[in-house]
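Engineer: 3D, please:
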Amino acid sequence: MTRRSLSLLIAAALASAALAACSRPPADTAPAAAPAEAAKPAEPAPAAPTPSATVEDVHAFKIGQLSAFALKDGDIDVANDGKTFAVGRTPADVAALLSANGQPTDAVHLSIQPLLVRSGERVLLFDTGAGNASFARAGRLPAALRSAGVEPGQVTDIFISHAHPDHIGGLLNADGALAFANAAVHLSAPEWASLQANKDNAKLAAALAPKVRAFAPNAELVPGTVKAVAVDGHTPGHSAYEIASGEERLLYIGDSAHSSIVSVQRPQWTIQFDGDAPKAEASRVALLKRIAEGNVHVYAVHFPFPGLGRIKAQGEGFVWVPDA
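Structural biologist: Below is the predicted model of the structure:
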């Protein structure tokens with residue numbers, strides 16, 4: 001399948017899915033504040049140790065003639081409590097599905113692995129991990145990047161799928177400065193507007209503003225190499241990315257699907273992370289169908305490391321088939 005036919009096929013399916021979906025307001029949660037200790041003057045807290053990478057944190061592969069690397073940033077465990085995965089169903093429903101796939105039933109495990117691609121003189125990074133986010137065991141991206149032979153200052157382009165903290169958490173370093181000082185930051189115009197509108201992201205937005213290159217959904221960003229693929233519903237401007245070299249294609253799906261089990265085998269189950277759940281569910285089903293029909297090679301940022309594989313139709317649903 002040519003790049004143009006694949007892109008048109010995916011875009012057509014997602015556009016059809018979006019038109020069929022209706023809106024649902026996202027759930028808002030706020031972390032509880034920790035009580036302050038006032039008995040004695042506070043001493044400076046010791047600096048948190050910098051997470052280090054292991055050989056297992058870097059997986060090298062090829063996209064045609066392009067050198068690519070899966071970079072492990074960390075992990076997230078989401079409790080199977082009915083509040084996040086399969087909202088409106090029982091934890092027992094999720095447990096049964098996880099158990100049938102040989103997985104523990106108390107939580108849904110998600111990996112975090114940004115993607116690095118070398119394209120000529122350009123060094124491309126897709127998402128930046130969770131950084132020091134409290135809900136994740138993460139922060140290994142800088143070490144993994146160096147293990148792949150790249151210093152942060154060598155990254156020329158960052159492609160953000162969306163502005164959730166496990167994807168933009170690595171954009172700033174511990175001092176609040178840009179972690180990738182020389183990189184242009186690409187994200188869709190609707191997503192950039194949403195990031196700027198969130199007061200919690202004010203510091204990040206101010207730091208990023210000179211670097212941002214906002215694009216129209218489905219734009220070609222690096223001619224012949226990187227094209228955005230809008231996948232609606234998760235956030236206002238969520239984008240997947242198609243990466244090409246010659247006849248080879250890889251689809252970086254962002255958060256179109258979170259769990260290699262729940263999101264793939266039950267794509268219509270509601271996930272609390274989705275801002276417009278009905279639209280996201282319709283988009284997810286449409287995307288998985290087109291991936292399966294086109295035998296598209298997939299990079300899934302939250303699937304088991306390194307997140308490379310394909311989606312196959314199975315019965316009335318789908319199944320994730322990781323690369324051998």
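
Engineer: Now Val229: closest residue in space, sequence neighbours ignored.
Structural biologist: The shortest distance from Val229 to any non-neighbouring residue, by Cβ to Cβ, 6 or more residues apart in numbering, is to Ala240 (4.2 Å). Every residue, glycine included, has its C-beta placed from N, CA and C.

Engineer: Just say helix, strand or coil for the one you found.
Structural biologist: Each residue gets one of three states, and Ala240 gets strand by DSSP: H, G, I helix; E, B strand; the rest coil.

Engineer: now do Ala292
Structural biologist: For Ala292, the reduced secondary structure class is helix; criterion used: three-state DSSP.

Engineer: and what of Arg284?
Structural biologist: Arg284 - assigned by three-state DSSP - is helix.

Engineer: which regions of this structure sit below the pLDDT cut-off?
Structural biologist: Residues of the chain meeting the criterion pLDDT under 70: 1-55.

Engineer: residue contacts, the residue nearest to the spatial centre of it?
Structural biologist: Among the residues of the chain, Gly254 comes closest to the average C-alpha position under Cα atoms, centre = their mean, at 3.5 Å. Applying Cβ atoms under 8 Å, 6 or more residues apart in numbering, one finds that Gly254 lies in contact with Asp127, Ser161, His162, His167, Val231, His234, His238, Ser239, Ala240, Tyr241, Val301.

Engineer: what does Gly153 give?
Structural biologist: Counting by Cβ under 8 Å, 6+ apart, the residues that Gly153 touches are Phe180, Ala181, Asn182.

Engineer: now the residue nearest to the second one when sequence neighbours are not counted: how far from Phe85?
Structural biologist: Read it as Ala181. Spatially, and ignoring its direct neighbours in sequence, Ala181 is nearest to Gly153 (5.9 Å; Cβ to Cβ, 6+ apart). As judged by Cβ to Cβ, to the nearest Å, Gly153 and Phe85 stand 38 Å apart.

Engineer: show me what contacts Ala68?
Structural biologist: Applying Cβ under 8 Å, 6+ apart, the residues contacting Ala68 are Ala60, Phe61, Lys62, Leu115, Leu116, Val117, Arg118, Ile243, Leu250.

Engineer: Narrow those to those in strands?
Structural biologist: Ala60, Phe61, Lys62, Leu115, Leu116, Val117, Arg118, Ile243, Leu250 (DSSP state E).

Engineer: Might one say that Phe128 is in contact with Gln113?
Structural biologist: Careful, residue 128 is Thr and not Phe. No. Counting by Cβ atoms under 8 Å, no contact exists between Thr128 and Gln113, whose distance comes to 11.4 Å.

Engineer: Any idea how far apart the tips of stretch 313-324 sit?
Structural biologist: Chord length of stretch 313-324, first to last residue, is 18 Å (Cα to Cα, to the nearest Å).
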